[in-house]
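S.K.: How does the following fold in three dimensions:
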Amino acid sequence: MIKLRLDVDYPYPSRRKSFLYVALRIKRKKNNDYLQNARIIARMVNESQQQIRAYWFFTPYTIPDKRLLDLLDPEKHEVALHVANTPIEEWKTLEKETDRKVQYYTIHGTERLFAKLIWGRKLSQSQVVISVDFPLKSFHEFKNISLDRLRYDLGFEKTLQSVSDWVKDDFVLSIHPEWLFKKTDKGRRGPFYDVLKTVLDVDKELETLRIKKKGFFRIGSDIREYEESINPADEFLTKLAERGVDIYTFLDRKWCCPTANPSRNWVGEDDNVGLLEIKDYNSWLQSIGKKTRNMVRKAEKSGVDVEVVEPSENLAEGIWKIYNETPIRQERAFTHYGESLATVKGNMYAAKNNTFIAAYFEGELVGFIQILYGNQIAIVSNILSLQKHWDKALNNAMLAKAVEVCAAKGERWLLYGRIGNHPSLDKFKENNGFVKVPIIRYYVPLTSRGKLAIKLGVHRDFKDILPDFIKYPLIPMINLISRSKVKAKMRLRKIRG
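M.R.: Okay, the predicted model is just below:
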């Protein structure tokens, strides 16, 4: 059985806010972030299929509210006392407030002068002294190992390897909810969420979550939103809100799986995808213009070989060279420029359910395309080539090979991003048979900040708000700013080093 000891020292994820509330002796206030990390851990324990017993030690300033108590099922959880200053009074208050029988206690202690002042202790007193006749059992007598400290000292992999041995030896894994996502260099603790999630085998639906900070709010999305249909359940949205996500966004994959019965709370906005419907390769080849067909053939006439390849060290090194050929592509800063070979290898080998297509000229990798396969969709994830060989129409040839591969696999739809924010790239897509398909993108407000952001209209990207007649004239200026920034960074880097 996995045994957890949770010392709930502070009421909020923010240390400053917690210190303020403890110093002012504010014992509870109805805030969304009150015991937020504790609720996250309680949900993780409840969802886990492992055998778990969680012992929750609360101070007078972290007495669980109804939201947390509802999650603390006695089958898996036990309420206990984390003594701060007055053992008897705090014990009676905890039992009264929670209506739970308390059996165990631990002692809250601190050596730091600042913390002693906050908790109202004497400067010579790091923790309260418990009398021998105190009726509760001491949990300090159990074998405890600090999981949040192990995570700080050893990192994720080594801590994970050690945990199973500690559990087998009947050690209690001790954690402080405040270090679930953060770490402290002074106390040498955290962040232990990754270890706890893996040990409990939960939160798999959050592994593909991407969170982006936008002004005063945070917006979350799924990196697989084009690959899989999304219809978020209330429990999932609650998880996101507890993790500080203010808005969750996803799209309606109407080309194959229209969203059924969208909630009234979802805000729908116009969006689009660039889609190619595939019947067979020859039909596609005849549907594109003569000029594009000639471009497809030009690569072969220039001596370029295009073929499907397996991930390998040579492929990774070739991709790395393409990434680092130039810091500017399509007149803008190129995000992969400067990426290390190790990163390229890691991403290449980590990719699942995909196909790599490579273009070779005189034995050198001069271009590649990566196709991802989702539910009723294939996606152009990457298509890049060396600029010094652009005269050989590499991208046209590789895209043609992608259509051939998808047709052979029976894929009906090939997706190539969105259309409308890059005129030259949009033209390339259209010349190769991709059409702009309107879809709906949904935004789900999860917090008051999220509701405000949607009300103000700042939840969408600025480029998607502007009409085309305003946006297109601005694109050259936006590109110039992007290029200037990367050039300035490179000059600064050269000066420094």
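S.K.: show me what contacts residue 267?
M.R.: 442-445, 454, 459 (CB atoms under 8 Å, 6 or more residues apart in numbering). Placement of C-beta: from N, CA and C, glycine included.
S.K.: Try it again at 10 Å.
M.R.: 247, 249, 441-445, 450-451, 454-455, 459-460 (CB atoms under 10 Å, 6 or more residues apart in numbering).
S.K.: which of those count as buried?
M.R.: Among these, those classed as buried by 16 or more other CB atoms under 10 Å are 247, 249, 441-445, 450-451, 454, 459-460.
S.K.: how's this structure carved up into domains?
M.R.: When the chain is parsed with automatic domain parsing, its domains come out as 2-202, 279-411, 467-497.
S.K.: in the longest helix anywhere in the chain, what's buried?
M.R.: The longest helix of the chain (DSSP state H) is helix 468-496. For helix 468-496, burial by neighbour count (16+ other CB under 10 Å) applies to 471, 475, 479, 482, 486.
S.K.: Also stretch 31-41?
M.R.: In stretch 31-41, counting by 16+ other CB under 10 Å, buried: 34-41.
S.K.: Let's have the residues you listed in a markdown table, adding secondary structure.
M.R.: What follows is the buried residues of stretch 31-41, written out as a markdown table (DSSP: H, G, I helix; E, B strand; the rest coil):
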| residue | secondary structure |
| --- | --- |
| 34 | coil |
| 35 | coil |
| 36 | helix |
| 37 | helix |
| 38 | helix |
| 39 | helix |
| 40 | helix |
| 41 | helix |
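S.K.: Going by distance to residue 56, which of these wins?
M.R.: Ranked by distance to residue 56 (CB to CB), those are led by residue 38 at 7.5 Å.
S.K.: What does the pLDDT read for the closest residue to that closest one other than its chain neighbours?
M.R.: Nearest non-adjacent residue to residue 38, counting by CB to CB, 6 or more residues apart in numbering: residue 177, 4.7 Å away. According to the prediction, residue 177 has pLDDT 96.
S.K.: Equivalent analysis for residue 30, please.
M.R.: pLDDT at residue 30 comes out at 68.
S.K.: With residue 497 instead?
M.R.: For residue 497, pLDDT reads 66.
S.K.: mind starting the numbering at 53 from now?
M.R.: Shifting the count to begin at 53 puts that one at residue 549.
S.K.: how many other residues sit next to the residue nearest to residue 517 when sequence neighbours are not counted?
M.R.: Of all residues not flanking residue 517 in the chain, residue 509 sits nearest, at 7.0 Å (CB to CB, 6+ apart). Counted with other CB atoms under 10 Å, the neighbours of residue 509 add up to 9.
S.K.: Report the separation between residue 509 and residue 302.
M.R.: Going from residue 509 to residue 302 by CB to CB, to the nearest Å gives 19 Å.
S.K.: Residue 251 now?
M.R.: As judged by CB to CB, residue 251 and residue 302 stand 29 Å apart.
S.K.: re the thing from before, among the buried ones among the contacts of residue 319, which two are most distant?
M.R.: 493 and 503, at 17.4 Å, using CB to CB across the buried ones among the contacts of residue 319.
S.K.: Which of the contacts of residue 319 fall in helices?
M.R.: Judged by DSSP H, helices contain the following of those: 502-503, 506-507.
S.K.: Would you format these as CSV with distance to residue 56 and pLDDT included?
M.R.: Listed next are the ones in helices among the contacts of residue 319 as CSV, based on distance: CB to CB, whole Å; pLDDT from 0 to 100:
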residue, distance to residue 56, pLDDT
502, 32, 96
503, 35, 96
506, 38, 96
507, 41, 95
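S.K.: For those residues, give me TSV that also has distance to residue 125.
M.R.: Formatted as TSV, the ones in helices among the contacts of residue 319 follow (distance: CB to CB, whole Å):
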residue	distance to residue 125
502	30
503	31
506	35
507	38
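S.K.: if we take those residues, which one ends up nearest to residue 478?
M.R.: residue 506 (28.1 Å).
S.K.: Remind me which helix or strand the residue lying farthest from the centre of the chain belongs to.
M.R.: Residue farthest from the centre of the chain, counting by CA atoms, centre = their mean, is residue 185 at 49.7 Å. For residue 185, there is no helix or strand it lies in under DSSP states H and E.
S.K.: Cool, thanks, signing off.
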